[in-house]
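Chemist: fold the following, please.
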Amino acid sequence: MGILNVTPDSFSDGGRHDAPAAALEQARRMIADGADIIDVGGESTRPGAEPVSAEDESARVRPVIQALRAEWDGLISIDTMKSRVALAALEAGADIVNDVAGLRDPAMVELCAGMRCGVVAMHMRGEPRTMQAAPEYGDVVAEVRGFFEERYASLTAAGIDAEAICFDPGIGFGKTLEHNLALLRGLPELEVEGRPLLIGVSRKSFIGRLLESDELSDREWPTVALTAWARESGARVHRVHDVRPNREALRMVEAILNGV
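Modeler: Here you go, the predicted model:
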């Protein structure tokens, strides 16, 4: 899953692809590098990020999704917490709703059930502006798994096809460094009802803290290492900025696991 931020303030690439033409060109590069899914986001969810209106967010993502759908038949996801933005994106041609709020909004659940789209339900403690304010867990792996179990039961009861559901433990979303590492160690314990896990670790700040570096470029190869670890530990979808090196790492791991 290639990350396509069409925002002015995302932590890694804010402002680089906020014009539709630049965003489309970046999507083409990621597809050429082997992306199976392009994940389009119009609102930054970095710690401390300020919310934007549904109108502004829709205006950012709709033209990009329309243009990409006109030339590509691969999967497109919309990274949003707002049902109105999700509707605009699905009508423009998106296939998947990637909701960092875990589809806890009944309007989002009703929309996704009615549109019969794919969904990614992510675990986040709090909201982007406050999520890193001293998050606490008794057992982070058990609590995240419990959240997935509750979401699976609620979403399927609301009419969302079980086969359409994917879960994301939300690395870096309301978690300390120790919580993030515990979740990565505990990935095999997070699978619920055979549904795939999505992992998003690309360029995240906990990598910089471990490496004692503030340079984003220093996080790229550690991201590749984490992608390989996550795949060996059972993750099936990998949300990344740099598609080619991460895809090549996945190819190597899968050759070991499954044979050439």
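
Chemist: show me what contacts L198?
Modeler: If you count contacts by CB atoms under 8 Å, 6 or more residues apart in numbering, L198 has them with 1, 98, 120, 122, 166-168, 235-239. C-beta coordinates here come from the backbone N, C-alpha and C atoms, glycine included.

Chemist: which stretches of this protein have low pLDDT?
Modeler: 9-18, 129-131 (pLDDT under 70).

Chemist: let's go with 80 and repeat that
Modeler: By pLDDT under 80, the low-scoring segments of the chain are 8-18, 46-50, 126-134, 260.

Chemist: show me the helices in it, by range?
Modeler: Applying DSSP state H to the chain gives helices spanning 20-32, 54-71, 83-92, 106-115, 140-157, 177-185, 205-211, 220-232, 243-258.

Chemist: single out the most deeply packed of these.
Modeler: When those are scored by mean count of other CB atoms under 10 Å, the highest mean neighbour count falls to helix 83-92 (a mean of 22).

Chemist: so what secondary structure elements neighbour it?
Modeler: Contact partners of helix 83-92 among helices and strands, from 3 or more CB pairs under 8 Å, 6 or more residues apart in numbering; DSSP states H and E: helix 54-71, strand 75-79, strand 96-99, helix 106-115.

Chemist: now these as a markdown table including distance to V260?
Modeler: Shown next, in a markdown table, are the helices and strands packed on helix 83-92 (distance: least, CB to CB, whole Å):
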| stretch | distance to V260 |
| --- | --- |
| helix 54-71 | 33 |
| strand 75-79 | 26 |
| strand 96-99 | 30 |
| helix 106-115 | 38 |
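
Chemist: follow-up on the earlier one: I'd like to know which of the helices of the chain is closest to P47.
Modeler: Nearest to P47 among those is helix 205-211 (7.9 Å), distances taken as CB to CB.

Chemist: from the contact counts, what lies against the closest one?
Modeler: When contacts are defined as 3+ CB pairs under 8 Å, 6+ apart, helix 205-211 sits against helix 177-185, helix 220-232.

Chemist: how near is V64 to L24?
Modeler: To L24, V64 is 6 Å away according to CB to CB, to the nearest Å.

Chemist: over to A59?
Modeler: A59 is 16 Å from L24, by CB to CB.

Chemist: hang on, the earlier thing: list only buried entries from the contacts of L198.
Modeler: Neighbour counting by 16 or more other CB atoms under 10 Å classes 1, 98, 120, 122, 166-168, 235, 237-239 among these as buried.

Chemist: of the residues you listed, which belong to strands?
Modeler: If you go by DSSP state E, the buried ones among the contacts of L198 have 98, 120, 122, 166-168, 237-238 in strands.
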